[in-house]
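# Sequence and computational prediction follow.
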Amino acid sequence: MRTPLIAGNWKMNGSADLVEAFGRAFAEAELPDGLEVAIFPPFPYLEAARRAFAETPIGLGAQTLNPLHSGAHTGEVSGRMLCEFGVRYALVGHSERRQLYRESDEQVYDRLLAALGVDLIPVLCVGETLEERDAGRTMEVVLRQVGFVMSRLEPQQRSRVVIAYEPVWAIGTGRTATPQQAQEVMAAIRDYQASFDAELASAMRLLYGGSMNAGNAGELLSQPDIDGGLVGGASLKVDDFLAICQSAG
Ligand code: PEP
């Protein structure tokens, strides 16, 4: 059995008040047994979130990290620093970082390795653009992104990685992949993993991301290869995010 994970990526959004509101709501919320919940706020809110979420099941995540521990890298944050703030997860390879900050597969791999090196759980984001989907290249693109990273890891490292399939055309657009479209790609990711190690593949957690909301989460999460969600916009509203968590039961 795989532990479901609902992760909220706030991107460059949120506020100190929102952190407090999540703390209050989740301290009292009834959540499905065994569900893991995580919020990835912007760096400045990590300390406030650590305090506000202390009595809740919410784990803390970082939206990126630098591959190095320290040094002359103005504006960057290392995994070691994140650990000092109680962070458990780190996103790597989010499509906004790939597109807006030109992060290559190599850089994504370096960040993921750094996360593993300090015992963070990396959430590796992969997904095709609309142009790639329309050209029939979805599987090729997604499996290249997954394969670039996973083929370079030791089996014991691979077992710690969570993969988020996020079709780029569905992120922040209100256009969700159908449960069938998501399931098809996610089954292919699991099959690809099985070519390394079948046991590991069946234990690996796969999240869907792309305009997931309270209305569509239930059907997406009921697909056999979808073990949770990476939620952007809907993770900025306490009630919506709570409803998504509740539909993961
Ligand atoms: C994301 O940013 O990872 C995401 C899935 O965003 P949204 O839910 O807003 O599409």
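Sure, I can see it.
# now check stretch 120-140, is it near the ligand?
No. Stretch 120-140 lies out of reach of the ligand by C-beta under 6 Å from any ligand atom, never closer than 6.8 Å. Backbone N, C-alpha and C define where each C-beta goes, glycine included.
# quick one: average confidence on that stretch?
The average pLDDT within stretch 120-140 is 97.
# again with stretch 36-51
Stretch 36-51 carries an average pLDDT of 98.
# hey, C-alpha coordinates of that stretch in CSV?
In CSV, the C-alpha atoms belonging to stretch 36-51 read as follows (Å, rounded to 0.1, in the frame of the first residue of the first chain):
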residue,chain,number,x,y,z
GLU,A,36,0.3,12.8,4.3
VAL,A,37,-0.2,16.5,3.7
ALA,A,38,2.5,19.0,2.8
ILE,A,39,2.6,22.7,2.1
PHE,A,40,5.4,24.3,0.1
PRO,A,41,5.3,28.0,1.0
PRO,A,42,7.8,30.7,-0.1
PHE,A,43,11.0,30.6,1.9
PRO,A,44,10.3,33.6,4.2
TYR,A,45,7.2,31.9,5.6
LEU,A,46,9.0,28.7,6.6
GLU,A,47,9.7,29.6,10.2
ALA,A,48,6.1,30.9,10.8
ALA,A,49,4.7,27.8,9.1
ARG,A,50,6.8,25.5,11.2
ARG,A,51,5.2,27.1,14.3
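# ok, and for that stretch, which residues are buried?
Using 16 or more other C-beta atoms under 10 Å as the test for burial, stretch 36-51 gives E36, V37, A38, I39, F40, P41, Y45, L46, A48, A49, R50.
# Could you identify the most distant pair in those residues?
E36 and A48 (21.2 Å; C-beta to C-beta).
# Check what contacts stretch 187-204 and list those residues.
Residues outside stretch 187-204 that contact it (C-beta atoms under 8 Å, 6 or more residues apart in numbering): 2, 126, 139, 142-143, 146-147, 150-151, 155, 158-159, 161-163, 165, 206, 224-225.
# Can you select the buried ones among these for me in ChimeraX?
Remark: buried members of the contacts of stretch 187-204, expressed as a ChimeraX selection using 16+ other C-beta under 10 Å:
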select :126,142,143,146,147,150,158,161,162,163,165,206,225
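# Do a quick rundown of the helices in the chain.
Secondary structure of the chain (DSSP state H): helices located at 16-28, 46-52, 79-84, 95-100, 105-117, 130-134, 138-150, 155-158, 179-194, 198-203, 217-221, 238-246.
# as a whole number, average confidence for the longest one?
Okay, so that is helix 179-194. 97.
# go on, the first one?
Confidence over helix 16-28 (mean pLDDT, whole number) is 98.
# That helix - contacts with which helices or strands?
helix 46-52, strand 58-62, helix 238-246 (3 or more C-beta pairs under 8 Å, 6 or more residues apart in numbering; DSSP states H and E).
# and if you look at the fifth one?
Using 3+ C-beta pairs under 8 Å, 6+ apart as the contact definition, the elements that helix 105-117 packs against are helix 79-84, strand 87-92, strand 121-126, helix 138-150.
# residues near R98, how many?
20 (other C-beta atoms under 10 Å).
# Find the nearest non-adjacent residue to the closest residue to the ligand within the chain, please.
Of all residues in the chain, G232 sits closest to the ligand, at 2.1 Å by C-beta to the nearest ligand atom. Computed as C-beta to C-beta, 6 or more residues apart in numbering, the closest residue to G232 that is not its neighbour in sequence is N9, at 5.2 Å.
# Looking at strand pairing, list the partners for that neighbour.
F40 (DSSP bridges).
# ok, it to Y208 distance?
13 Å (C-beta to C-beta, to the nearest Å).
# hang on, the earlier thing: can you tell me which of the helices and strands packed on helix 105-117 is most buried?
Comparing these by mean neighbour count (mean count of other C-beta atoms under 10 Å), strand 121-126 comes out on top with a mean of 26.
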